[in-house]
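>>> sequence plus predicted model, see below.
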Amino acid sequence: MLVLAAAFADARGAHGLAFDALLGAIPFAAVSALAGFGDYLERREDAVLGLQALLWALALALLVVSCAARSPDAQTHALPPLGASALAACLGVLGIKVCVAVAPYLRRVAVAAAKP
């Protein structure tokens, strides 16, 4: 939710608010990445858990890059291209995470609907 709020704030020109939202999202992404990696270590045979953990780590790295590009030390009162690109990539990674998480449920619905 914080990443979406940051994207919305960037679209409205409130880059400082977007920086704060991204900065707040980093601890949540870090905890989620660690929890996802722990789940993968418990059940190594599940490749989806490994992919989810990897995507969390990638999202965390993109959040850190976006925050670093927007840092107050490098503030130019405009959105840096690296910050915008990292945020867009992070949104893409989170979208892929949603697709990976929903795919097993869609397969179950398709198989259940196909049985007579």
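Happy to help now that I have it.
>>> the helix or strand hosting residue 83 packs against which elements?
Per DSSP states H and E, residue 83 falls inside helix 81-114. Helix 81-114 sits against helix 2-12, helix 47-70, with contacts defined as 3 or more Cβ pairs under 8 Å, 6 or more residues apart in numbering; DSSP states H and E. C-betas here are computed from N, CA, C, even on glycine.
>>> what do you get if the cut-off is 10 Å, keeping everything else the same?
helix 2-12, helix 15-42, helix 47-70 (3 or more Cβ pairs under 10 Å, 6 or more residues apart in numbering; DSSP states H and E).
>>> how about the ones you listed in TSV, adding distance to residue 83 and mean neighbour count?
TSV is the format used below for the helices and strands packed on helix 81-114 (distance: least, Cβ to Cβ, whole Å; neighbours: other Cβ atoms under 10 Å):
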stretch	distance to residue 83	mean neighbour count
helix 2-12	8	17
helix 15-42	8	17
helix 47-70	4	19
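>>> so for residue 91, which of those helices sits nearest?
helix 2-12 (6.1 Å; Cβ to Cβ).
>>> quick one: the closest one to chain centroid distance?
With Cα atoms, centre = their mean, to the nearest Å as the basis, helix 2-12 stands 13 Å off its chain's centre.
>>> got the contact list for it?
Identification of contacts with helix 2-12 by Cβ atoms under 10 Å, 6 or more residues apart in numbering yields 14-26, 28-29, 59, 62-63, 66-67, 70, 79, 83-84, 87-88, 90-91, 93-94.
>>> swap in stretch 67-74?
Looking at stretch 67-74 with Cβ under 10 Å, 6+ apart, the contacting residues turn out to be 6, 10, 15-16, 18-23, 25-26, 76, 79-87.
>>> and if we set it to 8 Å?
15, 18-19, 22-23, 26, 79-80, 82-83, 86 (Cβ atoms under 8 Å, 6 or more residues apart in numbering).
>>> ditto for stretch 94-106
Under Cβ under 8 Å, 6+ apart, the answer for stretch 94-106 is 3, 48, 51-52, 55-56, 59.
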